[in-house]
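Student: With the input below, show me the fold.
(one chain, ligands or ions: 1)
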Amino acid sequence: MRPPRIAPGVASERRLDKGRARLAERKKDLKPEQLTAIREALGARSIVLIGLMGAGKTAVGRRLAARLDLPFTDADTEIEAAAGQTVSEIFAEYGEPYFRKGESRVIARLLLEGGPQVLATGGGAYMDEATRANIKGHGISIWLRAELPVLLHRVRRRDNRPLLASGDPDKVMRDLMKKRYPIYAEADITVESRDVPHELIVADTTEALIRWLEREAKPAGGKARGKGE
Ligand code: S3P
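Tutor: Next comes the predicted model:
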């Protein structure tokens, strides 16, 4: 006889409901005048998401853009369109240094021409010094920081990442974390990307961005900063 289907536990449903209620509450907090204030404070700058593969840059970025009523751009998608090849194909055919040069050129163009927008970058982009300087000049950087188990769980779902194609993903990710986290830490804002619905990370990101823009407008005891456009 087939065993009976296991119904989702009451406890987990209650937890989900609590999560939804909390989210609805926080979504309500973003008033139209706050949206306008964010847009004005941004000027032509981009909100640039950085972080390791699997941190949720694209998923969170898309939702964040919708919430702020801004266009969303994914740097890897733009690179693929410019090259007429996938990222994996570019790596395989021409190697990583070639990809990095193209990546830095494409991001420079997107920052110059695309703002205001939410721009999700590939995990290695921020490691390039020129790209970091460009982001500083034309954007506000947000590091979606995640712990290894969260990242591994997410990257294992897809096989489109050349850096993970050869070698043990666990080791590759650990090495990248060691190398990149100190640099990612230079970002203007850091948000913890956890294993919760993306909408919650979007809410955290929006709140952190508002706080940052407010501080930028009135730094303690100093003059307001320019918009750096
Ligand atoms: C890379 C991350 C990828 C992509 C390429 C290299 C990296 O983007 O740009 O495979 O160096 O971390 P995601 O971070 O969007 O997966």
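Student: which bits of the protein sit near the ligand?
Tutor: Contact residues, the chain versus the ligand (CB under 6 Å from any ligand atom): 53, 57, 76, 87, 122-124, 161-163. The C-beta positions use only the backbone N, C-alpha and C, and glycine is treated the same way.
Student: What is the nearest of the residues you listed to A133?
Tutor: Top of the list for closeness to A133, among these and by CB to CB, is G124 at 15.9 Å.
Student: on that earlier part again, check the residues of the chain next to the ligand and tell me the two furthest apart.
Tutor: Across the residues of the chain next to the ligand (CB to CB), the longest gap, 17.0 Å, separates K57 and P162.
Student: So for those two, which residue has more residues nearby?
Tutor: Between K57 and P162, K57 has the larger neighbour count (other CB atoms under 10 Å), namely 29 against 16.
Student: got a list of what the more buried one touches?
Tutor: Shown in contact with K57 (CB atoms under 8 Å, 6 or more residues apart in numbering): 49-51, 120-121, 123, 144.
Student: For it, give its distance to A120.
Tutor: Distance, K57 to A120, using CB to CB, to the nearest Å: 4 Å.
Student: overlap in contacts of these two?
Tutor: With CB under 8 Å, 6+ apart as the test, K57 and A120 both reach L49.
Student: Would you format the residues of the chain next to the ligand as TSV with pLDDT and secondary structure included?
Tutor: Shown next, in TSV, are the residues of the chain next to the ligand (pLDDT from 0 to 100; DSSP: H, G, I helix; E, B strand; the rest coil):
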residue	pLDDT	secondary structure
M53	96	coil
K57	97	helix
D76	97	helix
V87	96	helix
G122	98	coil
G123	98	coil
G124	98	coil
R161	92	coil
P162	92	helix
L163	92	helix
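Student: and the longest strand for this protein?
Tutor: In the chain, with assignment by DSSP state E, the single longest strand is strand 139-145.
Student: from the chain's centre, how far out does the following helix or strand past that one sit?
Tutor: Per DSSP states H and E, the first helix or strand lying C-terminal to strand 139-145 is helix 148-155. Its chain's C-alpha centre and that of helix 148-155 lie 15 Å apart, by CA atoms, centre = their mean, to the nearest Å.
Student: so what strands line up beside the longest strand of the chain?
Tutor: Sheet pairing of strand 139-145 (DSSP bridges) gives strand 46-50 (parallel), strand 189-192 (parallel).
Student: What number of residues are in the vicinity of D168?
Tutor: Neighbourhood size, D168 [other CB under 10 Å]: 9.
Student: now swap in R158 and tell me
Tutor: Counted by other CB under 10 Å, the residues lying close to R158 total 10.
Student: what's near enough to touch it?
Tutor: With contact set as CB under 8 Å, 6+ apart, R158 has no partners.
Student: low-confidence ranges in this protein?
Tutor: For the chain, the stretches with pLDDT under 70 are 1, 4, 6-29, 221-229.
Student: now the helices for it?
Tutor: With helices called from DSSP state H, the chain shows them at 10-28, 32-42, 57-68, 75-83, 87-94, 96-114, 129-138, 148-155, 162-165, 169-184, 198-217.
Student: Thank you kindly, that will do.
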